[in-house]
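structure here, sequence nowhere to be found:
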Ligand code: GRF
């Protein structure tokens, strides 16, 4: 690849895929989405990707086990020519072996201001703690859950009448802005 070629990005999803859609909408000279892959063949985002003409890969680990599943995923990513993997609502933990194979080339979006609130229920936890702001972070994926280097964050003020759903909706809008912007910088570096 010459330095002027767009980076090839595979996006991994498990559900609706709104961040994947934002990443696809922002394709350009910095990166192209070469594959949308899901561990859930019924993921709504996969159907959207197909209608957009994006290449897709769907495989459930159920019945074949994690090792065979990740081997098949890895083969699909390599066949697509992926340079980078962007996790976008991918709800499965990647094994240490898989992370090592793609070290430094997997990023994730997480709905909190990392390092606060790794894991689940981030918005409810931020509200319960009385935080002035929630938000989202894009980070490098390592073996530690939500623990890799933070590449960018967007803050969203928490309102007195917020619940987890209202806060999540405003944070999601920021995710859609933050993720493509950070990914473009990351693949350029
Ligand atoms: C987003 O809130 C993301 O931060 C989190 O899972 C959610 C996925 O939403 N990791 P979508 O599938 O991108 O719409």
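On my side now, so go ahead. Because the structure is predicted, anything quoted here is derived from the model rather than measured.

any weak-confidence spans in the protein?
The chain contains residues with pLDDT under 70 at 1-3.

name the helix or strand for residue 32, please.
strand 31-38 (DSSP states H and E).

by contact count, what packs against that strand?
Contact here means 3 or more C-beta pairs under 8 Å, 6 or more residues apart in numbering; DSSP states H and E; on that basis strand 31-38 packs against strand 7-13, helix 18-25, helix 44-51, strand 56-58, helix 66-79, helix 164-188. C-beta here means a position set from N, CA and C on the backbone, and glycine is covered the same way.

would TSV of those with mean neighbour count and distance to residue 110 be doable?
Converted to TSV, those look like this (neighbours: other C-beta atoms under 10 Å; distance: least, C-beta to C-beta, whole Å):
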stretch	mean neighbour count	distance to residue 110
strand 7-13	24	14
helix 18-25	21	11
helix 44-51	17	18
strand 56-58	19	23
helix 66-79	16	21
helix 164-188	18	9
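
which one of the ones you listed lies closest to the ligand?
For the helices and strands packed on strand 31-38, proximity to the ligand was assessed by C-beta to the nearest ligand atom; helix 18-25 is nearest, at 3.1 Å.

quick one, the closest one and helix 164-188 angle?
40 degrees (axes from the mean of the first three to the mean of the last three C-alpha atoms, to 10 degrees).

how far does stretch 61-69 stretch from start to finish?
Across its full length, stretch 61-69 reaches 5 Å between end residues, using C-alpha to C-alpha, to the nearest Å.

related to what we said a few turns ago, now the helices and strands packed on strand 31-38 as JSON lines including distance to the ligand?
Below are these laid out as JSON lines (distance: least, C-beta to the nearest ligand atom, whole Å):
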{"stretch": "strand 7-13", "distance to the ligand": "6"}
{"stretch": "helix 18-25", "distance to the ligand": "3"}
{"stretch": "helix 44-51", "distance to the ligand": "6"}
{"stretch": "strand 56-58", "distance to the ligand": "15"}
{"stretch": "helix 66-79", "distance to the ligand": "18"}
{"stretch": "helix 164-188", "distance to the ligand": "5"}
